[in-house]
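A.B. asks: what follows is a predicted protein model with its sequence.
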Amino acid sequence: MLNASHSRAFIPGLLALVIALALFGATGRALAGPPRQDGTPPPDATPQPGEDPTPTPIPQACSECHLDVVSAWETGMHAQAYRDPIFQDAWRSQGNDPACLACHTTGYNPRTQTYAHEGVSCEACHGVTPANHPDEPAMTSPGPAVCEQCHATTVTEWEHSAHGEQQLACTSCHNPHPQQLLFENDSVALCLNCHEEPRDDYAHLSHPDQLCTDCHMHRAKTEDLLAHYDSGAQFPTGHEATVLTVACVSCHEELAAEEGTLVSLDQTVAEMGLAGSDHPLLAAQVRIRELEAEVDTVRAQGQNTSVMRMIQGAVIGLVVGGVVVLLAIRWNQIRRRRAQQ
């Protein structure tokens with residue numbers, strides 16, 4: 001047991017130890033600071049949220065061996081995720097919400113509101129470099145789980161797509177360091193690398209100047225993009241890779257009714273004066289009418305088939321029932337004769 005004098009001496013020592021440990025643990029960590037902090041940072045401290053950001057430091061240890069990779073990373077959005085002026089302005093307008101730092105910095109700790117690096121640096125995707133690297137390799141294929149930490153909506157869309165069913169990872173299409181598409185950022189060349197079979201249907205032949213991504217990966221509207229700056233909500237990126245009606249209406253606004261649905265082809269053909277011509281739209285109208293007629297025929301045949309089956313079933317039932325009744329009558333007659341004998 002400690003007496004009173006020992007306790008009085010012990011408490012200041014304990015407080016000094018706690019403070020020393022706290023200062024030691026903060027060494028080498030960049031301070032994010034509390035929201036709305038406007039004070040001038042002390043010397044050698046990372047600028048606080050809301051102040052002018054400093055240039056993102058180059059990962060010196062990585063650049064010693066991976067200079068080309070680091071050079072490509074410097075030009076991408078990951079490197080500029082924190083210091084980008086658009087982000088800084090939007091962040092200030094939202095009161096420097098520290099939750100934004102989870103994706104716009106590396107190694108963010110929500111409890112202490114500190115981070116290791118501005119922007120999305122090497123460690124964000126590859127983890128902490130092993131002490132005995134390069135003898136022990138760093139993680140090089142993090143997979144969609146790492147991307148999902150900041151791109152949850154995009155990864156969810158990918159999971160529900162044909163690409164997700166085939167487990168085509170993000171890096172199958174994206175160069176992660178400059179954040180561009182593969183094949184020199186050419187989306188058509190990227191798609192044709194796997195989808196080699198030419199498409200000769202009307203939709204593809206009538207849109208020779210459009211990119212694959214214009215229809216198959218329809219992007220969010222401007223207001224959806226701006227909503228991210230207001231609420232942090234993630235916007236859709238079209239990674240389901242399916243053609244939605246909105247992709248058509250965004251270009252063919254004249255074909256959209258006030259309710260947002262397409263007007264009939266009859267009205268469109270009449271308004272465009274295409275009656276009697278060989279315009280593709282008229283050909284599409286004719287084909288649709290043919291398909292509708294085929295559907296009606298199949299439905300009628302299906303209904304007729306159902307009626308015939310009902311009649312056949314009734315006839316079979318009557319026949320079987322009649323046979324059973326006749327057998328029953330015949331059996332009763334035999335029993336009576338035997339009883340009389």
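C.D. replies: Arrived safely.
A.B. asks: which positions in stretch 63-78 come out as buried?
C.D. replies: With burial defined by 16 or more other Cβ atoms under 10 Å, the residues of stretch 63-78 counted as buried are 63, 66, 69, 70, 72, 73, 74, 76, 78. For every residue, glycine as well, the C-beta is placed using N, CA and C.
A.B. asks: and for stretch 121-134?
C.D. replies: Here stretch 121-134 shows 121, 122, 123, 124, 125, 126, 129 as buried, counting by 16+ other Cβ under 10 Å.
A.B. asks: so which of these sit within helices?
C.D. replies: 122, 123, 124, 125, 126 (DSSP state H).
A.B. asks: list the residues that contact the residue lying closest to the second one once chain neighbours are set aside.
C.D. replies: Take residue 123 and drop its neighbours on the chain: the residue closest to it by Cβ to Cβ, 6 or more residues apart in numbering is residue 106, 5.5 Å away. Remark: with contacts taken as Cβ atoms under 8 Å, 6 or more residues apart in numbering, residue 106 is in contact with 115, 116, 117, 118, 119, 120, 121, 123, 124.
A.B. asks: for those, give me a markdown table that also has pLDDT and distance to residue 145.
C.D. replies: As requested, the contacts of residue 106 are exported to a markdown table (pLDDT from 0 to 100; distance: Cβ to Cβ, whole Å):
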| residue | pLDDT | distance to residue 145 |
| --- | --- | --- |
| 115 | 93 | 21 |
| 116 | 90 | 20 |
| 117 | 90 | 21 |
| 118 | 92 | 24 |
| 119 | 93 | 21 |
| 120 | 94 | 15 |
| 121 | 91 | 18 |
| 123 | 89 | 16 |
| 124 | 90 | 13 |
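A.B. asks: closest to residue 91 among the residues you listed?
C.D. replies: Taking Cβ to Cβ as the measure, residue 91 sits nearest to residue 118 out of those, at 12.3 Å.
A.B. asks: any idea how far that closest one is from residue 136?
C.D. replies: Per Cβ to Cβ, to the nearest Å, residue 118 is found 27 Å from residue 136.
A.B. asks: compare the two (neighbour count), which wins?
C.D. replies: A count of neighbours by other Cβ atoms under 10 Å puts residue 118 above the other of residue 118 and residue 136, at 24 against 9.
A.B. asks: now that one, what are its backbone angles?
C.D. replies: Main-chain dihedrals, residue 118, degrees, to the nearest 10: phi -70, psi 140.
A.B. asks: isn't it right next to residue 82, touching?
C.D. replies: Yes. Judged on Cβ atoms under 8 Å, residue 118 makes contact with residue 82 at a distance of 4.0 Å.
A.B. asks: and the closest residue to residue 107 other than its chain neighbours, how far from residue 324?
C.D. replies: Excluding its sequence neighbours, the residue lying closest to residue 107 (Cβ to Cβ, 6+ apart) is residue 116, at 3.2 Å. Distance of residue 116 to residue 324, computed by Cβ to Cβ: 87 Å.
A.B. asks: so those two - more neighbours on which side?
C.D. replies: More crowded of residue 116 and residue 324, by other Cβ under 10 Å: residue 116, with 17 against 10.
A.B. asks: and the gap between that one and residue 82?
C.D. replies: 12 Å.
A.B. asks: give me the common contacts of the two.
C.D. replies: With Cβ under 8 Å, 6+ apart, residue 116 and residue 82 have common neighbours residue 105.
A.B. asks: just the helices from the stretch 101-250 of the chain, written as ranges.
C.D. replies: In the stretch 101-250 of the chain, the helices defined using DSSP state H, counting those that start in this stretch lie at 101-104, 122-126, 144-148, 152-159, 162-165, 182-185, 187-192, 202-205, 212-216, 222-231, 245-249.
A.B. asks: buried sites along the fifth one?
C.D. replies: With burial defined by 16+ other Cβ under 10 Å, the residues of helix 162-165 counted as buried are 163, 164.
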